[in-house]
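> Return a 3D structure for these sequence lines:
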Amino acid sequence: MTYAPFQGLKEILENCKFPLTRKRQHETRSDEEIFRDAMSDVREIREFRELPVRKPPKVKSLPDRKDNSLDLLKQIIDGRKKITLSHTAEYIEWVHPSIRKDVARKLHGGNFSVQDDIDLHGMNLVEAEEALTLFLTHAAKKRLFCVKVIHGRGLRSPRGPVLKEAMVKWLHTSFSKWVLAYSTAKDCDGGLGATYIILKSM
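Residues are numbered from 1 along each chain as shown. Below is the predicted model of the structure:
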């Protein structure tokens, strides 16, 4: 007997015809159509129709300020305007922690009578320190309350106000046992070239 495994296959295939589906032709669509298709399920949120936007604060423009520095300087030179000494860089004042801070301003304002004074002009630092030591020693013995030291402003010195700076240093070191407060003198008493000193009662 001959072996024929495919016998009758033709007949079976003819009886079992499978419907073949046509391949779907590629549709050419525009970008707008594709976008509409993709957004078809999107729904509008009415609350987001108008989003509140915070407006930036208005910045007020500052008025133009005229620089009148030269005019003020001219008025000072002509004597039409006074210099406020306490507003200058040369002004000095100090008070001992044990007394009221406003004492220095009152001292500068001339609220205390000057009972004695010393002029250190023309002295070198060694001479000035010796002279000031003697002066303050005698003032303390006489129980003087307010004295004045004339030291100048050092305007002619290439090193500036040497005596004034040295005096301030001495007032806080070797002379501190006598000093309660000090302040730049009034215009009529030497101004920036002199210093009032309030002494402790010994």
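> what about A139, how many neighbours?
Neighbour count for A139, taken as other CB atoms under 10 Å: 21. Every C-beta, even on glycine, is put in place using the N, C-alpha and C of the backbone.
> And the next helix or strand past the lowest-mean-pLDDT helix or strand in the chain?
Across the helices and strands of the chain, mean confidence by mean pLDDT, DSSP states H and E is lowest for helix 69-77: a mean of 61. Using DSSP states H and E, the helix or strand that follows helix 69-77 towards the C-terminus is strand 93-95.
> what residues does the next helix or strand after that next one touch?
Sequence-wise, the next helix or strand downstream of strand 93-95 (DSSP H and E) is helix 103-108. Contacts to helix 103-108, defined as CB atoms under 8 Å, 6 or more residues apart in numbering, come from residues 85-86, 93-95, 112, 146, 180-186, 196, 198.
> now swap in stretch 183-193 and tell me
82-83, 85-86, 88, 90-94, 104-105, 107-110, 114, 148, 150-153, 164, 194-196.
> Check the contacts of helix 103-108 for burial and list the buried ones.
Among the contacts of helix 103-108, those classed as buried by 16 or more other CB atoms under 10 Å are 85, 93, 95, 112, 146, 180-186, 196, 198.
> which stretches of the chain aren't confidently modelled?
For the chain, the stretches with pLDDT under 70 are 1-10, 12-27, 44, 46-53, 61-69, 72-88, 155, 157-158, 202.
> how many neighbours does E165 have?
15.
> Name the SS class of it, please.
Secondary structure assignment for E165 (DSSP: H, G, I helix; E, B strand; the rest coil): helix.
> What distance do you get for it to C188?
24 Å (CB to CB, to the nearest Å).
> for P56, same thing?
56 Å.
> Narrow the buried ones among the contacts of helix 103-108 to those in strands?
Judged by DSSP state E, strands contain the following of those: 93, 95, 146, 180-184, 196, 198.
> ok, so of those, who is nearest T133?
Within those, the smallest distance to T133 is 16.0 Å, found for Y182 (CB to CB).
> so L171 makes contact with V179?
Yes - the pair L171 / V179 is scored as a contact, 5.1 Å apart, by CB atoms under 8 Å.
> who's more crowded, the two?
A direct count of neighbours by other CB under 10 Å for L171 and V179 places L171 higher, at 21 against 18.
> in a helix, that's where V168 is, yeah?
Yes - with three-state DSSP as the criterion, V168 is located in a helix.
> Count the neighbours of it for me.
16.
> any idea how far the closest residue to it other than its chain neighbours lies from F175?
Excluding its sequence neighbours, the residue lying closest to V168 (CB to CB, 6 or more residues apart in numbering) is I92, at 6.3 Å. Distance of I92 to F175, given as CB to CB: 15 Å.
> Pick the one among the ones in strands among the buried ones among the contacts of helix 103-108 closest to E32.
Closest to E32 out of these is E93 (83.0 Å), distances taken as CB to CB.
> Count residues in the vicinity of L192, would you?
Neighbours of L192 using other CB under 10 Å come to 21.
> Please state the backbone phi and psi of the nearest residue to it once chain neighbours are set aside?
Residue nearest to L192 in three dimensions, not counting chain neighbours: E90, with 4.5 Å by CB to CB, 6+ apart. Dihedral pair for E90: phi -80, psi -10, per degrees, to the nearest 10.
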